[in-house]
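S.K.: no FASTA, just this:
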Ligand code: GLC
């Protein structure tokens, strides 16, 4: 349809019908038990009453439901305006790839593109028009359960991977039934809640918000994302969904965003609980005025916008602008001509879990795994005949992580299945040893596990946190392995030192006690459908670990939040970390540094950083220079390495971090092979938000280093003039 046709269509709609376009219901209200509830529902009206006028539906199961929902609505809608069908496809639809925090450890934008492309194919066949993805809330506090949903503690990684996901998901033409629109979330600063508690208040300077938390959303909008979702949290005193500074001043005026803003689940209704609105009617007014177009899973708009307009509290022009944005999105998706979009039952059968998708998922699981420690244990020999597979995750199939689609865990490959596929003759003696639930104090299984360990040639100890313990509404005040898992590890490793620990978790954990006893630790996160295959291939050397931590792992929850790009302070602690010096910025009882730093990850081979050369020792304003890193594979195995480039601006008009990742590149090297990795460093990469909230670079010395956070090497300097 043309713009004029859309405006004519809207011109013929009643006030109620226009408001209906801004209402989103759950499919579960129409098709029982077909919707996982992702939050406390508002007082939704009976579906039948809304079906006639509503504009969009949240969460449904498959192509046939998508078609049924569309048919049911169009039969009742006088204007024949198709529904928008939206779904949370966060890390795969039926073929699940690793959680986003794990994908961030791959430091591989192309791999992100491959996974997003796979998810797009499956989502389109399922009938998805809009996916509530990417989530690019930069997070530095593992107590926050949704850290699993973002790629990294570093906004640069969130920006690059989020933008890659948007491009792969939306393609070049949204009317192509194979393409799906993206909704970036959660705008803004949701990843920085006080005390790491989900939905808690976020309060920071505008400068910090612009420096660290806004760039990734902007990168995804610049990549073309058509929708954005304000976050639940209050931001500097005003909940995002009613935050005019954020949604009008920054999003619409500064960034020029013309797409659709959709609230989070009942977030408009939650303005009452926040204490921003006396009642639902006031909440509707505040959200509408802030520019929230769609009211998800609440009836604030449906019940009150008509009256607010009649009373002159909300202008009909404002309503029309919101309705037009929704109609334009439907039009761009081609829904008026093809309301089913890509929904196709036959295609679903063909693409779901197809070999090509499983291969992508397995590769992603391998490249996201991080070898944290290895003292000659891994890889395990493929000649082993008897292995003890111990721990609460030894036989676990729930390895896909939060936000995977309901039931996707059933398709996951377990560790024994993965090992069986490559070592069919190896005897696996399996013992849980203990549980993984928070507070589980039942140690009755430990003795049997210790006995099994003693009898085996080697031990694989599969530990972690249950899938349901990280994700939305899953914040933790402690970050150690839940239950008696660390005690189990102590006892098992004492019985058989040839033990490799494999971890399945959705957040950085405090592994300080485990690290004291475990000779090898492989972090698998929640690897998705091919969990067991990837885990087995990594453990037995058919794949070589290459992941690097996308978020540091603290020594204690008492260190949190613990961003890698910390400031030096006026009293940086002299001497080695962990040795307190009075009157310096440190703890008496612990070091300042994490147990494992951002960017850390081992391989089965070794890499030597031989040189870092700059193309010059000055850079003009607006100019650039080349930084060339020479890396050699000095080991016996082929491997991949993430070459990281860090910058430091030692003197500026505001304090600047001691280290800041400004670029990364993943390379493959055969044994003995050397590569020269060239980075173009531009003046734009040296910019920061100054005290007056201007994005500037300032002349002076800059340092470039390679290595990884807290372990920088080969530092070279240049002057910006
Ligand atoms: C949830 C989440 C959001 C999700 C939405 C719809 O509460 O905050 O990320 O997209 O509801 O399920």
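M.R.: On my side now, so go ahead. Note that the coordinates shown come from a computational prediction; the quantities given were computed from them, not determined experimentally.
S.K.: Check whether residue 375 really touches residue 521, as I assumed.
M.R.: No - with contacts counted by CB atoms under 8 Å, residue 375 stays clear of residue 521, the gap being 10.0 Å. The way it works is simple: take the backbone N, C-alpha and C, and place the C-beta from them, glycine included.
S.K.: Would you map out the domains in this structure?
M.R.: Per automatic domain parsing, the structural domains of the chain span 22-347, 370-546, 607-720.
S.K.: what about residue 375 and residue 521, which has more around it?
M.R.: Neighbour tally, residue 375 and residue 521, criterion other CB atoms under 10 Å: the higher count belongs to residue 521, 25 against 10.
S.K.: most centrally placed residue in the protein?
M.R.: residue 150 (2.0 Å; CA atoms, centre = their mean).
S.K.: I'd assumed residue 191 was in contact with that residue.
M.R.: Yes - taking CB under 8 Å as the definition, residue 150 is a contact partner of residue 191 at 6.1 Å.
S.K.: shared neighbours of these two, which are they?
M.R.: 137-139 (CB atoms under 8 Å, 6 or more residues apart in numbering).
S.K.: Next up, the contacts around residue 669.
M.R.: 605, 607, 631-633, 638-641, 675.
S.K.: And the pLDDT for it?
M.R.: Looking at residue 669, its pLDDT reads 98.
S.K.: beta partners for it?
M.R.: residue 639 (DSSP bridges).
S.K.: Give me the distance between it and residue 676.
M.R.: 11 Å (CB to CB, to the nearest Å).
S.K.: and for these two, which residues touch both?
M.R.: Common contact partners of residue 669 and residue 676 (CB under 8 Å, 6+ apart): residue 631.
S.K.: excluding its backbone neighbours, what's nearest the residue of the stretch 451-600 of the chain at minimum distance from the ligand?
M.R.: Per CB to the nearest ligand atom, residue 472 is where the stretch 451-600 of the chain lies closest to the ligand, at 5.6 Å. Of all residues not flanking residue 472 in the chain, residue 146 sits nearest, at 5.8 Å (CB to CB, 6 or more residues apart in numbering).
S.K.: you'd agree the one you found is up against residue 476?
M.R.: No - using CB under 8 Å, residue 146 makes no contact with residue 476, being 11.9 Å away.
S.K.: out of the two, which sits in the busier spot?
M.R.: residue 146 (27 against 20).
S.K.: A helix includes the more buried one, no?
M.R.: Yes - assignment of residue 146 by DSSP: H, G, I helix; E, B strand; the rest coil places it within a helix.
S.K.: check contacts around it.
M.R.: 135, 137, 139, 190-191, 198, 470-472, 474.
S.K.: that older thread, among the contacts of residue 669, which one sits closest to residue 91?
M.R.: Nearest to residue 91, judged by CB to CB, of the contacts of residue 669 is residue 640 at 21.0 Å.
S.K.: And for that closest one, the neighbour number?
M.R.: Other residues close to residue 640 by other CB under 10 Å number 21.
S.K.: from memory it sits against residue 673, does it?
M.R.: No - using CB under 8 Å, residue 640 is not in contact with residue 673; the gap is 11.8 Å.
S.K.: What are the contacting residues of the host helix or strand of residue 346?
M.R.: Using DSSP states H and E, residue 346 sits in helix 345-351. The contact list for helix 345-351, computed with CB under 8 Å, 6+ apart, reads 62-64, 94, 121-122, 124-126, 357.
S.K.: any idea of the pLDDT on the closest residue to the ligand within the stretch 201-350 of the chain?
M.R.: Minimum separation of the stretch 201-350 of the chain from the ligand (CB to the nearest ligand atom) falls at residue 265, amounting to 3.6 Å. What the model reports for residue 265 is a pLDDT of 95.
S.K.: any shared contact partners between residue 146 and residue 476?
M.R.: residue 470.
S.K.: just to revisit the earlier point, closest to residue 567 out of the domains of the chain?
M.R.: Nearest of those (CB to CB): domain 607-720, 4.9 Å.
S.K.: Check whether stretch 184-197 comes near the ligand.
M.R.: Yes - Stretch 184-197 comes into contact with the ligand (CB under 6 Å from any ligand atom), by way of residue 185.
S.K.: which is the next helix or strand following the least confident helix or strand in the chain by mean pLDDT?
M.R.: Lowest mean confidence among the helices and strands of the chain (mean pLDDT, DSSP states H and E): helix 47-51, at a mean of 85. The helix or strand immediately downstream of helix 47-51 is strand 56-58, counting by DSSP H and E.
S.K.: how about residue 616, what does it touch?
M.R.: So residue 616 contacts 625, 718 (CB under 8 Å, 6+ apart).
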